[in-house]
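[1] Return a 3D structure for these sequence lines:
(one chain, ligands or ions: 2)
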Amino acid sequence: MMQQFYPQVPHTFRFELNKDMHFSAAHFIPSKDAGKCQQMHGHTYFVNVTIAGNGLDPTGFLIDFKEIKNLVHKKYDHTVLNDHPEFKDMFPTTELLAQQIWQSVQELLNNRTNHPSCLQIIVRETPTSYVVFRPTEEDFR
Ligand SMILES: Nc1nc2c(c(=O)[nH]1)N=C([C@H](O)[C@H](O)COP(=O)(O)OP(=O)(O)OP(=O)(O)O)CN2
Ligand SMILES: [Zn+2]
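    Ligands and ions are numbered 1, 2, ... in the order given. Presented below is the predicted three-dimensional model:
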């Protein structure tokens, strides 16, 4: 898992939640610049989601950890990333996967009355390669 690696995102919210998860998926990057990655191949992706907020729900959760796992793991585990509608017009690179995960997590959070925010997504694609996605203000609009 990623427990040994947590780049901190600066913020002043009262609460911060982190959820680690992993899933297995295949992908290919159909660009001539992608070299061997043009061929279909698989990864065990490791994902860390950082959510923060000032208020909790009546249970005392920013959001249930399980809801985050269900959203990401159920969607992508044992699938081909290229087959997902969000990757119809773009390649499933680590960067764009991290951005897509942020969008789906933030959409889930937007429906909550305590209004938490997703501040960071880390996607590790291989033991030596990972991406950190941090939204800018315009991403929240
Ligand atoms: N900026 C990006 N570069 C690459 C991506 C990506 O998503 N964003 N993806 C790939 C491939 O999908 C590949 O699976 C991962 O590449 P890489 O880390 O180079 O894998 P290696 O195991 O060959 O790396 P080592 O340095 O030998 O550990 C390529 N690039
Ligand atoms: Zn790959």
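
[2] Residue 41 touches residue 24, doesn't it?
    No - here residue 41 lies out of contact with residue 24, judged by C-beta atoms under 8 Å, at a distance of 11.7 Å. Heads up, the C-betas are built off the backbone N, CA and C, glycines and all.

[3] pretty sure residue 92 is in a helix, no?
    No - note on residue 92: no helix contains this position according to DSSP: H, G, I helix; E, B strand; the rest coil, which reports coil.

[4] nearest residue to it other than its sequence neighbours?
    Nearest-residue entry for residue 92: residue 81, 3.6 Å, with adjacent residues in sequence omitted and distances by C-beta to C-beta, 6 or more residues apart in numbering.

[5] Could you list the residues in contact with stretch 132-141?
    Contacts made with stretch 132-141 from outside it, assessed by C-beta atoms under 8 Å, 6 or more residues apart in numbering, are listed as 7, 9, 95, 98-99, 101-102, 106, 117-123.
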